[in-house]
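Enquirer: generate coordinates for the sequence data below:
(4 chains)
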Number of protein chains: 4
Amino acid sequence: MIFVLPVQIRFAHCDPAGIVFYPRYFEMFNTVIEDWCEHGLGSSFREMHRQLGYGLPTAQVECSFMKPSELGETLQAHLHVNRIGTTSLHIEINLIGPDEALRVSVKMVLVLMDMTTRKPLALPEQLRQKMTAYLNQTD
Amino acid sequence: MIFVLPVQIRFAHCDPAGIVFYPRYFEMFNTVIEDWCEHGLGSSFREMHRQLGYGLPTAQVECSFMKPSELGETLQAHLHVNRIGTTSLHIEINLIGPDEALRVSVKMVLVLMDMTTRKPLALPEQLRQKMTAYLNQTD
Amino acid sequence: MIFVLPVQIRFAHCDPAGIVFYPRYFEMFNTVIEDWCEHGLGSSFREMHRQLGYGLPTAQVECSFMKPSELGETLQAHLHVNRIGTTSLHIEINLIGPDEALRVSVKMVLVLMDMTTRKPLALPEQLRQKMTAYLNQTD
Amino acid sequence: MIFVLPVQIRFAHCDPAGIVFYPRYFEMFNTVIEDWCEHGLGSSFREMHRQLGYGLPTAQVECSFMKPSELGETLQAHLHVNRIGTTSLHIEINLIGPDEALRVSVKMVLVLMDMTTRKPLALPEQLRQKMTAYLNQTD
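Expert: Numbering: from 1, shown residues only, chains lettered A, B, ... in the order given. Okay, here's the model as predicted:
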């Protein structure tokens, strides 16, 4: 399975060149991950942070910016999982333009973390199973 | 008429106190105005900025933050027009929580501006008419 | 006394029109207030939030954007106090351009708040005295 | 040579966990690059964007977040050059905490670009020479 979410390029995202200022893409990625957690995995950031006391901080990022995106465009974000570790999760998000061209591609390593001790936590079995549905077998 | 848009509180909006960092509200307001221009007035920011060469910069802001908003909440943004000047537009946006409480209320003065000369422009008659539909008669 | 701080306009602050996107000004104001608390009042945000468990959320904002500011400019932020209430603080920040013109002027009401209970706190006497030094008698 | 710049962790950078929200690091990196261009290379972003009509968009990013950073800390950003291509520039920025620990390390590929045509430009000889001073021979 792939989790798909439309992402609209806003005025607030754009720089003096009229294209997305790249740090804003990382805010978009975070929105995609939030929606995936809530709607794809059934575990919202609110619940994680406020009730369970854990978070999903980003440990690593590898990102390629292939083509610029402009104000008013709607991109399609495609998220899948590349690897599920003991405490970590390797995901990939591709942003596709209305022209079907790949605009941005990111690989991220997220780590489940106890927000009080700031130590990594083993992914709970139920969460791990739900993540498995988004695992890309061929990657 | 009132233009209504749901606005979701994201992790990226929240501060160390777990509530919305107030400058993020202004980014939300901008999103509301963008969507109102495109869907309510039929004139997108993209078209304005890239084809017509004008913009809608903010000249004045009066904002009250009544109650904090938290990660994961969905607020309802209600936008209406308070006054239409020659080159300016006085709008009001109220953010209502899932508890029906008013969270944030802002009055803004926007000015139609030629982005090349940076001089105010008279609001085109067609735009003015569409804006009139959102005018609050009693304010 | 007036607290003065140079504020540099960064690429990250600027919009497709090449001028500061106004929500970024509120991030700049927050930086000015942080530095004033730390260096002017001797009570850093870190200490407030992490050791004392209180914060200084913004309750009200009245802001006028007189002239646009551009990438690479250095503005001078001038902060003074207009009124000191029991739990609230009324401050004013003026951003002055290299051309000596007033670019942005904001009046803000801040409230000292217990971050656990989210209730207002009376300003401690020592803090109040330090704030008094920045009080503008004529405002 | 290494270009060094202190970077202060602001309230605006921090998330509900009280640590830097990672997209904010990319805004910090951009500030470091801006200051390096202006003070290290003698060619400011303002001059590049407004007079010369070119920019330095980011084509690739590889970033590791080793340890979280907290509100009120001052990090030291260390920038050096790893490779100078025909139109591209490979840089590395390391953020060092007050505890001397490496907090964040990023490798970035920047491309000199004509902002009108959005085509890559060969790095001017003078700029290339100045960049060479920051080249890490052993990397």
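
Enquirer: next to chain D, which bits of chain A? Give me the list.
Expert: Residues of chain A found near chain D (CB under 8 Å from any CB of the partner chain) are A:16-17, A:19, A:22-24, A:26-27, A:30, A:49, A:55, A:57-65, A:68, A:115, A:118. In this view, the C-beta of every residue, glycine as well, is placed from N, C-alpha and C.

Enquirer: can you list the residues that contact stretch A:32-47?
Expert: The contact list for stretch A:32-47 (CB atoms under 8 Å, 6 or more residues apart in numbering or on different chains) reads A:1, A:3, A:5, A:7, A:48, A:56, A:77, A:79, A:91, A:93, A:110, A:127, A:130-131, A:134, B:10-11, B:70-73.

Enquirer: same check, this time on stretch A:8-19
Expert: Residues outside stretch A:8-19 that contact it (CB under 8 Å, 6+ apart) are A:20-21, A:24, A:28, A:68-75, B:27, B:30-31, B:34, B:45, B:49-50, C:11, C:14-18, C:21, C:23, C:71, D:49, D:55, D:57, D:115.

Enquirer: could you redo the last one with a cut-off of 7 Å?
Expert: A:20-21, A:24, A:68-75, B:27, B:30-31, B:34, B:45, C:11, C:14-16, C:18, C:21, C:71, D:49, D:55, D:115 (CB atoms under 7 Å, 6 or more residues apart in numbering or on different chains).

Enquirer: which stretch of helix or strand covers the most centrally placed residue in chain A?
Expert: Closest to where the C-alpha atoms of chain A average out (CA atoms, centre = their mean) is A:Ile33, at 3.7 Å. Applying DSSP states H and E as the criterion places A:Ile33 in helix A:22-35.

Enquirer: tabulate the CA atom coordinates of that helix in PDB.
Expert: Extracted C-alpha coordinates of helix A:22-35, given in PDB (Å, rounded to 0.1, in the frame of the first residue of the first chain):
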ATOM      1  CA  TYR A  22      13.100  23.900   0.500                       C
ATOM      2  CA  PRO A  23      12.800  23.900   4.300                       C
ATOM      3  CA  ARG A  24       9.000  24.300   3.700                       C
ATOM      4  CA  TYR A  25       9.000  20.800   2.100                       C
ATOM      5  CA  PHE A  26      10.000  19.300   5.400                       C
ATOM      6  CA  GLU A  27       7.000  20.900   7.000                       C
ATOM      7  CA  MET A  28       4.900  19.300   4.300                       C
ATOM      8  CA  PHE A  29       6.500  15.900   4.900                       C
ATOM      9  CA  ASN A  30       5.600  16.300   8.500                       C
ATOM     10  CA  THR A  31       2.000  16.900   7.600                       C
ATOM     11  CA  VAL A  32       2.000  13.800   5.400                       C
ATOM     12  CA  ILE A  33       3.500  11.700   8.300                       C
ATOM     13  CA  GLU A  34       0.900  13.100  10.700                       C
ATOM     14  CA  ASP A  35      -1.900  12.200   8.400                       C
END
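
Enquirer: against chain C, how distant is A:Gln60?
Expert: 23 Å (CB to the nearest CB, to the nearest Å).

Enquirer: following element in sequence after the host helix or strand of that residue, please.
Expert: Taking DSSP H and E as the criterion, A:Gln60 maps to strand A:58-65. For strand A:58-65, the following helix or strand on the C-terminal side (DSSP H and E) is strand A:74-84.

Enquirer: before we move on, the earlier item: show the buried residues in the residues of chain A next to chain D.
Expert: Buried residues within the residues of chain A next to chain D, counting neighbours by 16 or more other CB atoms under 10 Å in any protein chain shown: A:16-17, A:19, A:22-24, A:26-27, A:30, A:49, A:55, A:57-65, A:68, A:115.

Enquirer: shaky segments in chain A?
Expert: Along chain A, the model assigns pLDDT under 70 to residues A:138-139.

Enquirer: got the residues of it near chain C?
Expert: A:Phe11, A:Ala12, A:Cys14, A:Asp15, A:Pro16, A:Gly18, A:Phe21, A:Leu71 (CB under 7 Å from any CB of the partner chain).

Enquirer: filter those down to the ones in strands?
Expert: Applying DSSP state E to these, no entry is found in strands.

Enquirer: of these, closest to B:Leu123?
Expert: Nearest to B:Leu123 out of the residues of chain A next to chain C is A:Phe11 (CB to CB; 19.2 Å).

Enquirer: neighbours around A:Leu123, how many?
Expert: Using other CB atoms under 10 Å in any protein chain shown, A:Leu123 is surrounded by 18 other residues.

Enquirer: just the one 3 residues further on next, same as before
Expert: The number of residues packed around A:Gln126, counting by other CB under 10 Å, is 11.

Enquirer: doesn't it belong to a strand?
Expert: No. With DSSP: H, G, I helix; E, B strand; the rest coil as the criterion, A:Gln126 is located in helix rather than a strand.

Enquirer: which parts of stretch A:121-139 are buried?
Expert: For stretch A:121-139, burial by neighbour count (16+ other CB under 10 Å) applies to A:Leu121, A:Leu123, A:Leu127, A:Arg128, A:Met131, A:Tyr134.

Enquirer: phi, psi for the last one please.
Expert: Pointing back at A:Tyr134 there. Recorded main-chain torsions at A:Tyr134 are phi -100, psi 10, according to degrees, to the nearest 10.

Enquirer: how close does it get to B:Glu27?
Expert: For A:Tyr134, the distance to B:Glu27 (CB to CB, to the nearest Å) stands at 29 Å.

Enquirer: just to revisit the earlier point, just name the closest of the buried residues of stretch A:121-139 to A:Glu100, please.
Expert: Relative to A:Glu100, the closest of those is A:Tyr134; by CB to CB it sits at 22.0 Å.
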